[in-house]
Each structure stands twice: as C-alpha cells, then as structure tokens.
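Asker: Predicted structure and sequence below. I'll ask about it afterward.
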Amino acid sequence: MSEKPARNPARLVLVLGLLAAFGPLSIDMYLPALPAIAGDLGGGMEGAQLTLAAFFLGMAAGQLVHGPLADRYGRRRPLFAALGLYIAASVMCAAAQEMGWLVALRFLQAVGGCAGMVISRAVVRDLADRLDPVRLMARLMLVMGTAPILAPLLGGLVASVAGWRAIFVLLALVGVLALVASALVLPETLPPERRRRVSAREVLGSFGALLANGRFMATGAASGCAIAGMFAYIAGSPHVFITIHEVAPAHYGLFFGAAAAGIVGFGQLSGPLAQRFGRARVYGAALAGLAGAGLWVALAAALGLGFWPLYGGLLAYMAMLGMVMPLGVVLAITPFPHMAGTASALLGTLQFGFGALAGVALSALHDGSALPMAALIALAGLGGLVIWRVLGAGLRAEA
C-alpha cells in the first residue's frame, strides 16, 4: 500500500490509539486480579509483581526489534506478525499453571504487544508534515487513555464472574480486533524508497548514535525515568489500595481510572500549551510539577497521613505525566525522520526499561507498607527532572 494518509483521520486515530493502548490494556486489566493470581499460582504478591516486571522487560526488549523491522519492512507487515505473537501468548497465559510460566509468557505477550506502541508513534512521525504531531499524540492519548480507565473495571468484573484466566482470553480477542482493524484501516505510511535496509551492525550504530545524542536523551531518559514512577504505582497500587487501605477490589478500578482520566485530561492540554509557550518550556514545567507531586506521595506514606493525602499526590503525579508523555515523544523523535521507527523503539525501550527496574525494585523492597511504592515514585520524579535540567539545556534555549 502506498504512503497515504487515511481517508478517514478519525478512524486512523482510533486504530492507532488501540495499538498504542496494548501496554495499558495488558497491564491494567489484570491488576484487580493480582491477589487472586498470587493465591492461585503461589509465589505470593512478590511473584505476582514479577509478572508485571517481566511484562515491562518484554516491552523494553521487544521495541528494540520492532523499530528497526518497521524501518526496514514498512509499518504493516511487522505489526501483523507481532499481533499474532501477542494473541498466541495471551491464550497461553490463560492456561498457565505455575507462576514461573506466567512470568515467561507475560514476557512473550509484551514482546508481541509492544509493536503497536512502536508503530503508532512511527506513523505519527511519518505524518508529521501533514498533521500537528503534538495534537495527534494528544488525540491518541485520548483514545488510549480510555484503556487504563476502563481496563481495571472490566478486569475486575471479568475476574469476579469468570476468574482471572478469562482476562487473558479477553486480551487475546482484543488482539484479534486490532489485527483486523489494522488490516482494514491502517495505511502503509513508509513507502519502499524511504525504507532503511541496513545490517544489524548499522542498527546497533543507529541506537548508539541516538544514545549519544543529547537532544534525544534529554527527553528520552527524562520521560523514561518519570514514567517509571507510573509503573511503580501500577505494580504497587493493588496491594496499597486493596490490602493496606481496604479498598474493595470492585472499587479499585474507580480509583485507578480517575488517575488515568487525569493523564488523558492533562494530555489534551499539552498541544495548546506547547503552541503558546513552546514544547520544551511546557515539558520542563510538567516535569517540575511531577517531581513535586512525587515528593508529596513519599511524605504522605512516610508520615502515615492516610489514603486520601496519598491518593491526591498520585492524582497530581499522573496528571503531570499526561503532559510529559506526548511532549516527550515529539521532542525525542521529531528530529529523526530518517529513522523514526528506530527512534520510537529506543524511546519505548528506555521507558519500559526504567519501568522494569521499578517493578523489580518494588518486588525486592516489598515490606507490606506503602513506603516502597511511594519512595520509588518520588525518586522517579526527581530523576526525570534532574536529567532534563542536565541534558536539556539546548532544547530549553530554543524554547
């Protein structure tokens, strides 16, 4: 298929949003069932949290493969193959009988699912000369943002009616829907003459060049660090909310969804604010607000202030992250149109790599309290701000 924008941009946004939502869907839908999975398969809550860390690691590793493949073979064919892997792994997750197997299968599921995130960002870059990339990313966040709002509610309902294994059957069906929708709606936005037929050594060289590029790393590493705080929240909140603060599992999705709504709502502000004040200036201000919210979360947990002060800080952190994420993507990959897939992949790897570290750290530090989760969130927020202040001088000067 030749390089053409979709005839119906709204359909394109919906499909790209669905592809970008594979991560949130696959993570958030089974969060209310984590205690049940821990009890059913053994391994305790620490083992259940490792299934999240494995998913984060698979998302990080898989993107290093999908990005170069998307730049070499176009956007559609690698996507279709990856969705097939995701569907198969989801079905096998539903049949897992041991925690170790579920950890391994979640890794494979992530490797397949992360292609949607890589390719949706690359398509945004492909169309950047025809559509405002910040506004398009914000619209994608509006679509994909419904995933973390609805997924825990749906997952809790499905688990209560049919058990946690049914959640993975449902995820497999979502994969089938995405495969069919992509085949029907998603155009090939990278024509053959723009594809990069490079060797593995050249791919590694491209990754190295990006890692050495201060412009890319200023936002790539800063966003990755900030997003690690979200992953600490995702992995820790079922225990903190349900076990410590006695939130009913059926109500967990409401609190989780409200935080996700903050991400979506503030994400919609990123485009107009960036247009008025500059992308880099708004990005830096959002990182500062995020760091402050993370410190409040840690303080609330350390002083035992109760659920609502802690939850208020989490809401503020997620809201600021709603502006950090779309701006970080655009600032990081827009300067690299000749290797948008590779840049998108490395950006995602940084994000989920930090997330995997946060998940492993949370499992290792688990002590039954809210403090490990809160401390990791504060550390992630401060780390993102420090990286931006150190590496982002050139971008700030352009603001």
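Answerer: Cool, the structure landed. Numbering: from 1, shown residues only.

Asker: what stretches of the stretch 1-150 of the chain score poorly on pLDDT?
Answerer: 1-8, 128-145 (pLDDT under 70).

Asker: Next, please give the residue ranges for the strands of it.
Answerer: Counting by DSSP state E, counting those that start in this stretch, no segments of the stretch 1-150 of the chain form strands.

Asker: just the helices in it please.
Answerer: Secondary structure of the stretch 1-150 of the chain (DSSP state H, counting those that start in this stretch): helices at 9-20, 22-28, 34-41, 44-73, 76-94, 99-126, 133-144, 146-162.

Asker: nearest to Leu177, of those helices?
Answerer: Nearest to Leu177 among the helices of the stretch 1-150 of the chain is helix 9-20 (7.5 Å), distances taken as CB to CB. C-beta coordinates here come from the backbone N, C-alpha and C atoms, glycine included.

Asker: quick one: buried residues of the closest one?
Answerer: Counting neighbours by 16 or more other CB atoms under 10 Å, one finds that the buried residues in helix 9-20 are Leu12, Val13, Leu14, Val15, Leu16, Gly17, Leu18, Leu19, Ala20.

Asker: Would you mind putting the CA coordinates of stretch 320-338 into CSV?
Answerer: Output in CSV follows, covering the C-alpha atoms of stretch 320-338 (Å, rounded to 0.1, in the frame of the first residue of the first chain):
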residue,chain,number,x,y,z
MET,A,320,1.6,16.0,35.1
LEU,A,321,2.6,12.8,33.4
GLY,A,322,-0.2,13.3,31.0
MET,A,323,1.7,16.3,29.6
VAL,A,324,5.1,14.8,29.9
MET,A,325,4.4,11.8,27.8
PRO,A,326,3.1,13.3,24.4
LEU,A,327,5.6,16.2,24.6
GLY,A,328,8.5,13.8,25.4
VAL,A,329,7.7,11.6,22.4
VAL,A,330,7.5,14.5,20.0
LEU,A,331,10.6,16.2,21.3
ALA,A,332,12.6,13.0,21.2
ILE,A,333,11.8,11.6,17.7
THR,A,334,10.8,14.5,15.6
PRO,A,335,14.4,15.4,14.7
PHE,A,336,15.0,11.9,13.2
PRO,A,337,12.6,11.4,10.3
HIS,A,338,15.0,9.1,8.5
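
Asker: If you average the pLDDT over that stretch, what comes out?
Answerer: The average pLDDT within stretch 320-338 is 84.

Asker: Show me what counts as buried in that stretch.
Answerer: 320-334, 336.

Asker: Just tell me which of the helices of the stretch 1-150 of the chain ends up closest to Ala288.
Answerer: helix 133-144 (19.3 Å).

Asker: Over to the residue lying closest to Leu385 once chain neighbours are set aside: give its phi and psi.
Answerer: With CB to CB, 6 or more residues apart in numbering as the criterion, Leu385 has its nearest non-adjacent residue at 4.3 Å, and that residue is Ala291. For Ala291, the backbone dihedrals (degrees, to the nearest 10) come out as phi -60, psi -40.

Asker: For Ala291, which residues are in contact?
Answerer: For Ala291, the contacting residues are Gly381, Leu382, Gly384, Leu385, by CB atoms under 8 Å, 6 or more residues apart in numbering.

Asker: possible to save those residues as JSON lines with distance to Glu193 and pLDDT?
Answerer: Formatted as JSON lines, these follow (distance: CB to CB, whole Å; pLDDT from 0 to 100):
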{"residue": "Gly381", "distance to Glu193": "43", "pLDDT": "96"}
{"residue": "Leu382", "distance to Glu193": "45", "pLDDT": "96"}
{"residue": "Gly384", "distance to Glu193": "38", "pLDDT": "94"}
{"residue": "Leu385", "distance to Glu193": "42", "pLDDT": "95"}
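
Asker: Which member of those residues is positioned nearest Ser206?
Answerer: Gly384 (24.6 Å).

Asker: How about that closest one: what's its closest non-neighbour residue?
Answerer: Spatial nearest neighbour of Gly384, excluding adjacent residues (CB to CB, 6+ apart): Ala226 at 3.5 Å.

Asker: Now the one you found: phi and psi?
Answerer: Here is the backbone geometry of Ala226 (degrees, to the nearest 10): phi -60, psi -40.

Asker: so which of the helices of the stretch 1-150 of the chain gets nearest Leu186?
Answerer: helix 9-20 (5.5 Å).

Asker: and the closest residue in space to Phe336 that isn't next to it in sequence, what does it touch?
Answerer: Nearest residue to Phe336, sequence neighbours excluded (CB to CB, 6+ apart): Ala343, at 4.4 Å. In this structure, Ala343 makes contact with Gly67, Arg125, Leu210, Phe216, Ala332, Ile333, Phe336, judged by CB under 8 Å, 6+ apart.

Asker: any idea of the pLDDT on the third one?
Answerer: In other words, Leu210. So, for Leu210, pLDDT stands at 88.

Asker: you'd agree it is up against Pro335?
Answerer: No - judged on CB atoms under 8 Å, Leu210 makes no contact with Pro335 at a distance of 10.1 Å.

Asker: can you list residues touching both of these two?
Answerer: Joint contacts of Leu210 and Pro335 (CB under 8 Å, 6+ apart) are Phe216.

Asker: didn't the residue nearest to Gly384 look like it was pressed against Leu321?
Answerer: Yes - with contact defined as CB under 8 Å, Ala226 counts as touching Leu321 (6.2 Å).

Asker: which residues of the stretch 151-300 of the chain score low on pLDDT?
Answerer: For the stretch 151-300 of the chain (pLDDT under 70), the answer is 198.

Asker: Using the three-state scheme, assign Glu246.
Answerer: On the three-state scheme (DSSP: H, G, I helix; E, B strand; the rest coil), Glu246 is labelled coil.
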